[in-house]
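*Asks:* I'll drop the sequence and a predicted model, then ask my questions.
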Amino acid sequence: MKNTVIITGASRGIGKACSLEFANAGYNVIINFNKSQAEAEKIFEKIRDSGGSAEIIKADVASFEGCRNLFKRSIEIFGKVEVLVNNAGTPLRKLFQDVTESEWKDLFNLNVGGVFNLSKFAVEHMVKNKKGKIINISSVWGLTGASLEVHYSASKAALIGFTKALAKELAPSGIQVNCVAPGVINTEMIADLTPNEISVLSSEIPLGRLGTPREIARMVLFLAGPESDYITGQVISPNGGIVV
């Protein structure tokens, strides 16, 4: 029987790459989206046309009830969930003194609150089954901090602490919790950068280039598989050497 994975924010970027990699590896894939329905449908069609198994579920992970419905629907469709990839998140590049209270709360409600919300339902299910993998997508800026991204860096640092603590708590139940902290990846999150800015940024990375969504997805897939059964509470940062 196939394992099932829920991937939040699965319609674009790293989430999209994860959806395709997991489908190719034989998983049932829950493609979660909130706003990008057309993109989610394209991924679903691509998986279906290649013989894979997937379903699309709309949900705002910043909503506790939205996550309850997302998880309930996933169980109704596939019967069980072995893997949760908490990928949904949003950036905000702005001077700290210009960040409003509502922007701060909205960002944390999604980047951190969304992980709390869906993990609550996943953990209850996984503990009963004595099996499960939770992979949280943080950022290299959660490790080092980034100028103009105090709020974003803080939210991604919170996921690292969340990961380490939850990993200790769930280890006796046979559940592994890990974190992937990508470096600068070529996704829509950097779409506002000019070609010159991207060139300068690439020159600061020892490997001399940006990462690809697929490279991150393949790391996530590894952490979801049996080869990682003795890995928990870890932060793995594919970042091209920009942070070592």
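*Replies:* Looks like it arrived, so ask away.

*Asks:* Just name whatever secondary elements the lowest-mean-pLDDT helix or strand in the chain is in contact with.
*Replies:* Among the helices and strands of the chain, helix 195-203 carries the lowest confidence by mean pLDDT, DSSP states H and E, at a mean of 92. Using 3 or more CB pairs under 8 Å, 6 or more residues apart in numbering; DSSP states H and E, no helix or strand is in contact with helix 195-203. Glycine gets a C-beta too; all of them are placed from N, C-alpha and C.

*Asks:* Okay, buried residues for the helix or strand following it please.
*Replies:* Per DSSP states H and E, the first helix or strand lying C-terminal to helix 195-203 is helix 213-224. Going by neighbour count (16 or more other CB atoms under 10 Å), the buried part of helix 213-224 is 213-217, 219-224.

*Asks:* Over to stretch 94-111?
*Replies:* Applying 16+ other CB under 10 Å to stretch 94-111 flags 99, 104, 106-111 as buried.

*Asks:* which residues touch that stretch?
*Replies:* Under the criterion CB atoms under 8 Å, 6 or more residues apart in numbering, residues 61-62, 88-90, 92, 148-152, 154-156, 158-159 lie in contact with stretch 94-111.

*Asks:* Distance from the chain centre to it, please.
*Replies:* 20 Å (CA atoms, centre = their mean, to the nearest Å).

*Asks:* same thing with stretch 27-36?
*Replies:* Using CA atoms, centre = their mean, the offset of stretch 27-36 from its chain centre is 12 Å.

*Asks:* which residues are in contact with that stretch?
*Replies:* Identification of contacts with stretch 27-36 by CB under 8 Å, 6+ apart yields 2-12, 19, 22-23, 39-40, 43-44, 47, 52-61, 70, 74, 77-78, 81, 83, 88, 224.

*Asks:* Now which of those residues would you call buried?
*Replies:* Buried among the contacts of stretch 27-36 (16+ other CB under 10 Å): 3-12, 19, 22-23, 39-40, 43-44, 47, 52, 54-61, 70, 74, 78, 81, 83, 88, 224.
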